[in-house]
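Student: Structure here, sequence nowhere to be found:
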Ligand code: FE2
C-alpha cells in the first residue's frame with residue numbers, strides 16, 4: 001500500500017511516503033526557534049505556509065503524483081494544539097479530495113516503531129526521549145498489543161529540560177544539540193540526581209544548573225547536566241531491562257540523536273549481553289516517514305477513521321495506541 005504521512009506536532013512539518021513497509025520519501029521543513037523557543041501560533045503559520053512545498057518535494061522524491069497515494073496518516077498527538085491542527089486539516093482535505101482512507105497516528109508510537117524497524121530488534125525495552133516525553137516502555141498484550149509505560153518523568157521531558165537550559169545559557173540555536181556540542185571536553189560539577197524506582201525528575205536538575213551559570217564555565221555545566229540527566233535515564237532503563245528479563249534495548253526520539261546518551265546505553269547493553277539499537281538521526285528527529293510507516297500498517301490491517309471522527313489530542317499517551 002502507498003501511504004503518505006504528515007507530522008506536525010511541534011516545530012517540524014514532515015511528509016513521508018511508505019510503500020509496502022519501505023520508506024521512499026522523507027521530507028521536512030523546520031521552524032527556527034532562535035532564542036525564543038516555540039510560539040504555537042507562529043509555528044502553525046510556518047507549517048501552513050510550507051506544507052505545499054514539503055508535500056510536493058516528497059512526491060517528487062518518490063517519483064509519484066498525489067493521485068497515486070492510497071492512504072493518508074497524520075499525527076493525532078501528543079503535541080502542540082495549533083500545530084497538530086494544521087497537519088490534521090491538510091490530511092483530511094487530501095483524503096476527501098482523493099477519496100482515500102485515513103489513519104490517526106500516535107507520535108510516540110511512530111518514533112518507537114520506526115526505530116524498532118531500523119534496528120531490527122524484536123521486542124526491546126524502549127527508551128523514548130524527546131522534547132515533551134521521557135519514557136521507558138515495553139510492548140505487552142496479546143489480542144491488542146500496545147506499549148506499557150514502565151517508567152517516566154514526573155515533570156518535564158529531558159529534551160525540553162535541555163532546550164530550556166540552552167535558552168537560559170543563551171546558546172544559539174537554543175537546542176539540546178547545542179548543549180551537546182558545548183559539553184565536549186567539560187569537567188563534572190555536582191548536580192542533583194533524582195530517580196525514584198523506575199521514574200525520574202528533571203526540574204530540580206534544571207533549576208540547579210541555571211543557578212550554576214556564572215559560577216562555572218558553560219562547558220562544565222553543559223557536560224554535567226548531560227551526564228546527570230543521561231545517568232538517570234540509563235539507571236532506570238537498566239532496571240527495566242533486568243526486571244523484564246529482556247535482552248534488547250532500543251532508544252528513540254529527538255534526544256536519541258545525542259551521541260553521549262547512545263554511548264552510555266550501549267555500555268549497559270554490552271554489560272548485560274544484550275543488543276542495542278537505534279535508527280538514523282533523520283528518524284529520531286520528528287519526521288513524516290514514521291507517521292506514514294505506522295499509518296500503512298494500520299490501514300493495511302483494516303483500520304480507518306471516518307472524517308467526522310478525526311481529532312487531535314494534545315495529551316494522547318502512547319500506551320493508549322494499539323500496535324498493528
Ligand atoms: Fe518527536
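Tutor: Perfect, thanks for sending it. Please read these numbers as outputs of a predicted model, since none were measured by experiment. Residues are numbered from 1 along each chain as shown.

Student: Check which residues of stretch 297-304 are buried.
Tutor: By neighbour count with 16 or more other Cβ atoms under 10 Å, stretch 297-304 contains the buried residues 297-300, 304. For glycine as for every other residue, the C-beta is placed from the backbone atoms N, C-alpha and C.

Student: Go through these and name the one nearest residue 279.
Tutor: Set against residue 279, the nearest of the buried residues of stretch 297-304 by Cβ to Cβ is residue 297 (16.3 Å).

Student: For the closest one, give me its contacts.
Tutor: 21, 113, 324 (Cβ atoms under 8 Å, 6 or more residues apart in numbering).

Student: any idea which element the residue of the stretch 201-324 of the chain found nearest the ion lies in?
Tutor: Ranked by Cβ to the ion, the top residue of the stretch 201-324 of the chain for proximity to the ion is residue 286, at 4.4 Å. In this structure, residue 286 sits in neither a helix nor a strand according to DSSP states H and E.

Student: Could you report the neighbour count for it?
Tutor: 26 (other Cβ atoms under 10 Å).

Student: Find the nearest non-adjacent residue to it, please.
Tutor: With sequence-adjacent residues excluded and distances taken as Cβ to Cβ, 6 or more residues apart in numbering, residue 286 is closest to residue 12, at 4.0 Å.

Student: Residue numbers of the stretch 151-300 of the chain in contact with the ion?
Tutor: Counting by Cβ under 5 Å from the ion, the residues of the stretch 151-300 of the chain close to the ion are residue 286.

Student: quick check: domain ranges of this protein?
Tutor: Domains of the chain are assigned by automatic domain parsing as 2-109+283-320, 121-280.

Student: one step back: okay but the residue of the stretch 201-324 of the chain closest to the ion is in contact with residue 6, surely?
Tutor: No: here residue 286 does not reach residue 6: they are 11.2 Å apart, not a contact under Cβ atoms under 8 Å.

Student: What is the end-to-end distance of stretch 189-199?
Tutor: Stretch 189-199 stretches 23 Å from its first residue to its last (Cα to Cα, to the nearest Å).

Student: Can you give me the buried ones in that stretch?
Tutor: Judged by neighbour count (16+ other Cβ under 10 Å), stretch 189-199 contains these buried residues: 189, 191, 194-195, 198-199.

Student: Could you do stretch 126-143 as well?
Tutor: Judged by neighbour count (16+ other Cβ under 10 Å), stretch 126-143 contains these buried residues: 126-139.

Student: Rounded mean pLDDT for it, please.
Tutor: The average pLDDT for stretch 126-143 rounds to 92.

Student: what do you get for stretch 203-215?
Tutor: The average of the pLDDT scores along stretch 203-215 is 97.

Student: just how off-centre is that stretch within its chain?
Tutor: 26 Å (Cα atoms, centre = their mean, to the nearest Å).

Student: do stretch 4-23 as well
Tutor: So, by Cα atoms, centre = their mean, the centroid of stretch 4-23 is 13 Å from its chain's centroid.

Student: Is stretch 1-12 positioned near the ion?
Tutor: No: contact of stretch 1-12 with the ion (Cβ under 5 Å from the ion) is absent, the minimum separation being 6.6 Å.

Student: Ends of that stretch, what's the gap?
Tutor: Length of stretch 1-12, first residue to last, Cα to Cα: 25 Å.

Student: buried sites along it?
Tutor: In terms of neighbour count (16+ other Cβ under 10 Å), stretch 1-12 has its buried residues at 2-12.

Student: Could you identify the most distant pair in these?
Tutor: So, the buried residues of stretch 1-12 by Cβ to Cβ: farthest apart are 2 and 11, at 27.5 Å.

Student: And for the helix or strand hosting residue 263, what's in contact with it?
Tutor: Using DSSP H and E, residue 263 falls within helix 259-271. Under the contact criterion Cβ under 8 Å, 6+ apart, helix 259-271 has outside partners 127, 129, 180, 183, 226-227, 230-231, 233-234, 237-238, 241, 249, 251, 255-256, 274-276, 278.

Student: and what of stretch 170-181?
Tutor: By Cβ under 8 Å, 6+ apart, the list of residues contacting stretch 170-181 from outside reads 32-37, 158-159, 162-163, 165-167, 169, 182, 218, 222, 225-226, 254-255, 257-260.
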